[in-house]
Structures are given as structure tokens and as C-alpha cells.
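Q: no sequence for this one, just the structure:
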């Protein structure tokens, strides 16, 4: 027998950041449906990246959001209601690879240029543009690595920056 | 064949017989094709009303309701009806004209991005980009609108595409949408666990909603509820799924539900929610809702489960399939029915102490509750009743006593004033042999009063019982109770003269000011051969009780 007092509900807030990988039909307006759902339901997207997959009829949306604020199962269930959404995977950190790319334009006078280049080497970043007063540095890596690199560059005068938002794939062959 | 003609063939292939709508520049090819199509077109006076008529049609018949509008303003006028159909899960297909393909995005005449406008309020939408797609899109639209959790689907058709010649092949076979596979069966393990939990509950209650009616599962609900003597309450949208004269019926729950229903929920140890979504009008203050209860939640839409109230036993599935399994599982357990005796004596005590009731009117005054009881009497309790939104809607829900499903049609989720008359027209088109009565309020009826012309012109003999108190009654009630009687914007006044207004449209108009005349005048209204309106002057300051003030708990009911 099932005793009523033994019935439990699991809490829905996970407390961690989630990377959702969403496969959608590659059709006009699908991104608007997905992003519109988030604003309509009051879910806040941290990052969003969209691109093609190996199948031209299918696109992959990778988005991150804060599981301390949003009940992830409610987010995914609402997403599943969209007819053009084919598959949603909540990427577990241990079972997936997530990367982000960023470009930083940093003020680089003669006296600090060497230091910036040194940082770039440590972070395996690339200098992709050089001018008299500034460098553009390209870096790829985990969210945390890019945060760390940004905090190193910032004191030198971060003129502009852009980040792609994370993209992710599950590990293994399935 | 021309794509517009293929559109008509596609609609007929889906079983469509009746369409509500208005033509305009961008859907002229569609209306041209209607001339030769063997379909009834009910020309309405406003697209919003056409949409509500399609909803009323769907509610009454269980079929998909269809409304046409042209591009731009025609399409945007449909928006309220689309949002309404979304909130109440009404199977509907809205087909809008769109400007010519080469004009899309140029701010062309009567252009509106209706797919964009309606994105948050549709189950799905489709913009046709190739004429050859139209039949397939219609097939998909009907499939999506009517399966799983039903809802509105919009199909936007650029006018130039409708004029193209295409090869018409009726789409056959099941629709294959890889991203859309509603789960209908219910997980048998979960159903087994639910049955055991029910067998162990000492204070269970069934909380049934509009989903039971959508699933045509009233019989299955009755069988489950009577598998043991489970008390049953329902939402506004679920009224009629369980007969109101049944001894296990507690009345409606929620903001204007009975005290018995709300107290039963409050003290229950197990709530069995079927096709209901724990709307705030049901739960009141969420943190104090049913504090002692565990929840079994049966719903075809997985996103409803644990959306507002965390479910202990979730069952995703169609009520028509899940309930019989649950009944069988329960019956296979050797349960002791007498365990519910104590619970029932508590419930009976509430029923004795807090019956629904009102002060009778004096000096011929017509109490609105009395008016609803009289409606029940003159219609034999089995008319299709549509309503607008407000006090009269709640009184109808409390006092009409619905015994059958699809007899109570109203706007529950969106709360759309002006819904009653057009939805009555839709219901009457769907069920011409049934008595269809719109119970209206004066504040609401005026919002789509132009549809009196539709009823007359299209020969749809609906009857309107107007509960005329000269106020936006429910808003006045709130201002009285919660805003220190600072009345603002709620006095409708004596205008218009409703009898003359009805007559101006070509309908029969009558007025009733004495309670002693009411029965006879209602009979006369029903007997009239054509649309008729009875303007009933009811007590202007009557309030709708009992009531859970918004954001409060069930225990704090007033009135």
C-alpha cells in the first residue's frame, strides 16, 4: 500500500546553472517562438546560441539559465509544448562539453602590451587584431575560463567585448 | 484547382460544415471559393464575435470551430477570441488572409504580422509560403487544434497564394509531426500507485475541470467517482461533467464556490485533480491551499503538472483513457468504504450549515439568483447556457445546476466580457435543435451587441436573458468590498433602451420588472420564433456570495 505520508514531491529549483540543448525544426519564426515563450513565462535567458546541425532541417539552440531562479522541469515542459521543438536535453556538466567564444578589445599601450600577450598565452587565447592603441583577443573555453580571462584584462581597459553564449554537446557516442 | 478552392475541400475533408467570419481584401479568394463550396458561412458583424462563435460551436459540439478574418484589422480583431480559446483549451482554427507575398514586411495596406502578434496565445500557427502547402497545413492545423490539450491554431494565407493553381490531393493518413506526440495513455505504474493512495486516503476529494469535458470523459468520471463514495467538486469550466443533483456533488469550488467545496478541499488529505489546472481563482493563496493534502494530478498537458501546485502522483494522459484504468485499479483493491463515513459526516455538516442561498426579494424585486433558478425552471434545466463575464456568470454557475456536459459555455480563463451572445450563436449553429440561452449582464452584452444583427440576419434563434442591474456588477462588488466603496467607472446607467435596441436589430424585445411576471415572460421569450431578448431589471446592489477575496485562503471565505 502507498501511505499518503510517504508521498513526496521533489523540489523543482535545482540551484545550479543549466545548459539546455534544444533541437528545433529549421523553420522561420521558431527562434521567436522559443524566446517568446521565455519572456511570456517570466524565465530569464542568460545566454543563447543558435546554429545549424548536421541535418539542414534541424537547428540547435543552446541556452543557459539559472536553475536557482527557474524551475527547470517547468521550463522544459513548456518548451516541449512548442510544436517545432523536437528534443530538449539538459546538459549535465559531467556528461557534456560546453564552450563559449569571446572577443575582447583591450586598450594596449606600449607599457602593458607584453603583459596582455602573456595573459593571452596563459589562457591559450589568440591575438587576432593589432593596432597602435588596442588589441583584439579571441578566446574559447568554458564559461568560467572566459570570466577569469575577462577579469584579468579588465584592469588594462576593456574597450569592447562580445561573447557568443555557450554551445554544448553531450559526451559519448549516443 | 485554385488554392482557395483546395482550402475549402481541405476544410470539408476535416468534417467542417459551418464557418464564422467576415470577408475583406486579403481573403477575397477564400470568400470567392465559398460561393461554390458546400459550407455554411455565418456572416458575423465583428471578427471577435466570429471567433467567440467558433468557440461556442466547439464547446457545444466538441468539433473544431472555424473562423475567418481578413488581414490586418480583421486578423487583429480575432486576437481576443484566440487568447480566449487558448486559456480555455478550445479546439479552434482561425484562418486569416494576409497581404500579397511581395508586400509582406513593407507595411502594406491592411498588413499586420498576425503570426507574430498571436505567438504567445496560440497552440500553434502556420504562415503559408507556398500555395501547394495549404491543404497539408489545414490538415495539420485541425490535428493540432483537436488533439492532446486542445487549443487555437492560426493559419495565415497570403492572398496571392490563394489564387494560384495547385494540384489538390486530399491529405490522407495521420499527421506526422516529429515534435508533437501527445501522451494519452497514462503511465500504468503511476495509475496503480494513485489507486493505492486513494485506497489509503481517509479524506479524499475529486477536483475535476474543463479537461474532463474536452476529453468527453463525463461517463468515465461518474464511474470513477462512484467506484466509492468520493466527494466531487468542479471548476467553473468543469460544470456539467458531473450531475449537480448527484448526492456526491459538493458544488463548484474556488472564489465563488460553495463553502462546502472549499472547506472539503481545505481539509482533504488527498486531492484527485482531473483536467484542472490549479488556477488562482481555485487556489486563492497558494501557500495556504489545501495544506493537509497530497495531490494526484491527471492532465494531458505535462506542463500543467506541478506548474502551480506540486503533484505527488503525476499522471500524464487523457482523462477518457486514464479514468477507467484508475477505476479498475481501485476496484481491484479490497477497500473498506466505511473509512469515508467520518469524512462524509463532516461534509454533511458543512452542507447543512452553509447551503447556497440568498435573501428573497421584497415587493416584486427580482433577485438575480432567483432569475437563474427561474431559468432552470423554464428550460427544464437542460438548455445550453452561455454567459458573459461577471456576477451573472457566477450566479449561473452556482444556481443553474448543470447536469450534462457541454451545456455550460462561458469564458473562464480569460474572462472575456462580450463572450455570451456570439458564443450562443455558435452553439445554436452547432446544435439547432437545442434551446440556447445567453445569460448576459448589461455591462457585457453591449460589448458585442452588434451580433443581434447576426442572430436575426442568419436566422439563429438564440434567446438572451439580460440581467440588467445598471452596473459593471462584479467590479462594483470589488470596489464596495475592497476599495472602500470608491466607485469608479462602473455605472452603466439606464441607457440603452434594450427593448428598442433588440427591436432595432429586428429581434423581439421585452422587459420584466416584477418577479411575479418573470416566469411568464421567460416562457414568452423562449416561445418566440426567432432571436429574442428579455431585459430583466434585477436588484442593482446584490452581491455574489460566498467569496474568497483574491489572494486569500479558502478558510477566509466571506458572505
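A: Now that the structure is in, tell me what you want to look at. None of these values were measured; they are calculated from a predicted model.
Q: what about residue B:511, which helix or strand?
A: strand B:508-512 (DSSP states H and E).
Q: pairing partners for that strand, with directions?
A: Sheet pairing of strand B:508-512 (DSSP bridges) gives strand B:532-537 (parallel).
Q: ramachandran angles for residue B:270?
A: When read as degrees, to the nearest 10, the backbone of residue B:270 gives phi -150, psi 130.
Q: any idea how far it lies from residue B:305?
A: In this structure, residue B:270 and residue B:305 are 16 Å apart, going by CB to CB, to the nearest Å. In this view, the C-beta of every residue, glycine as well, is placed from N, C-alpha and C.
Q: how about residue B:343?
A: Taking CB to CB, one finds residue B:343 at 26 Å from residue B:305.
Q: compare these two (neighbour count), which wins?
A: Applying other CB atoms under 10 Å in any protein chain shown to residue B:343 and residue B:305 shows that residue B:305 carries more neighbours, namely 24 against 21.
Q: my read: that one touches residue B:295, true?
A: No: with contact defined as CB atoms under 8 Å, residue B:305 does not count as touching residue B:295 (9.3 Å).
Q: what sits in contact with each of these two?
A: residue B:311 (CB atoms under 8 Å, 6 or more residues apart in numbering or on different chains).
Q: could I get the average pLDDT for stretch B:449-463?
A: Mean pLDDT, computed over stretch B:449-463, is 98.
Q: re the thing from before, so what touches the strand holding residue B:511?
A: Identification of contacts with strand B:508-512 by CB under 8 Å, 6+ apart yields B:366, B:498-503, B:518, B:521-522, B:524-525, B:528, B:530-537.
Q: next one: the longest strand along chain A to chain centre, how far?
A: When chain A is parsed with DSSP state E, its longest strand is strand A:96-107. For strand A:96-107, the separation from the chain centroid amounts to 10 Å (computed by CA atoms, centre = their mean, to the nearest Å).
Q: sheet partners, orientation included, of that strand?
A: strand A:134-141 (antiparallel), strand A:158-163 (antiparallel), strand A:167-170 (antiparallel).
Q: any chance you could list what contacts it?
A: Counting by CB under 8 Å, 6+ apart, A:19, A:21, A:47, A:91, A:116, A:128-129, A:133-143, A:146, A:149-150, A:153, A:156-171 sit against strand A:96-107.
Q: could you identify the helix or strand that succeeds that strand?
A: With secondary structure assigned by DSSP H and E, strand A:96-107 is succeeded by helix A:110-122.
Q: what's in contact with the helix or strand following that next one?
A: Downstream of helix A:110-122, the first helix or strand assigned by DSSP H and E is strand A:126-130. The contact list for strand A:126-130, computed with CB under 8 Å, 6+ apart, reads A:103, A:105, A:117, A:120, A:135, A:136, A:137, A:138, A:139.
Q: and the angle from strand A:126-130 to strand A:96-107?
A: For strand A:126-130 against strand A:96-107, the angle by axes from the mean of the first three to the mean of the last three CA atoms, to 10 degrees is 30 degrees.
Q: between helix A:110-122 and strand A:126-130, find me the angle.
A: Using the same axes, to 10 degrees: strand A:126-130 against helix A:110-122 is 150 degrees.
Q: pull the number of nearby residues for residue B:485.
A: Residue B:485 - counted by other CB under 10 Å - has 9 other residues nearby.
Q: show me which residues of chain A are close to chain B?
A: Residues of chain A lying close to chain B by CB under 8 Å from any CB of the partner chain are A:1-4, A:7-9, A:12, A:24-25, A:28-29, A:32-33, A:36-37, A:40, A:71, A:73-74, A:77-78, A:80-86.
Q: quick one: average pLDDT of stretch B:257-266?
A: Rounded mean pLDDT across stretch B:257-266 is 97.
Q: tell me if that stretch is near chain A.
A: No: applying CB under 8 Å from any CB, one finds stretch B:257-266 separated from chain A by no less than 15.6 Å.
Q: and that stretch, how far out from the chain middle?
A: 22 Å.
Q: cool, and stretch B:95-103?
A: For stretch B:95-103, the distance to the chain centre is 31 Å (CA atoms, centre = their mean).
Q: give me the distance between the two termini of that stretch.
A: 19 Å (CA to CA, to the nearest Å).
Q: is that stretch up against chain A anywhere?
A: No: counting by CB under 8 Å from any CB, chain A has no neighbours in stretch B:95-103; the shortest distance is 13.1 Å.
Q: so for that stretch, what gets flagged as buried?
A: B:95, B:96, B:97, B:98, B:99, B:100, B:103 (16 or more other CB atoms under 10 Å in any protein chain shown).
Q: strands - which of these land there?
A: Counting by DSSP E, those place B:95, B:96, B:97, B:98 in strands.
Q: my guess is the last one meets residue B:154, correct?
A: So the one you mean is residue B:98. No: counting by CB under 8 Å, residue B:98 stays clear of residue B:154, with 10.7 Å between them.
Q: who touches both of those two?
A: Joint contacts of residue B:98 and residue B:154 (CB under 8 Å, 6+ apart) are residue B:114.
Q: OK, contacts around the closest residue to residue A:125 other than its chain neighbours?
A: Leaving out its chain neighbours, the residue that sits closest to residue A:125 by CB to CB, 6 or more residues apart in numbering or on different chains is residue A:139, at 3.8 Å. Counting by CB under 8 Å, 6+ apart, residue A:139 makes contact with A:101, A:102, A:104, A:120, A:123, A:124, A:125, A:126, A:145, A:146, A:149.
Q: now do residue B:66
A: By CB under 8 Å, 6+ apart, the contact set of residue B:66 is B:11, B:16, B:18, B:19, B:20, B:54, B:92, B:93, B:94, B:95.
Q: and the third one, its phi and psi?
A: Okay, so that is residue B:18. Residue torsions, per degrees, to the nearest 10, at residue B:18 are phi -130, psi 140.
Q: roughly how far does it sit from chain A?
A: For residue B:18, the distance to chain A equals 26 Å [CB to the nearest CB, to the nearest Å].
Q: what do you get for the last one?
A: Separation of residue B:95 from chain A (CB to the nearest CB): 18 Å.
Q: likewise residue B:485?
A: Taken as CB to the nearest CB, the span from residue B:485 to chain A is 35 Å.
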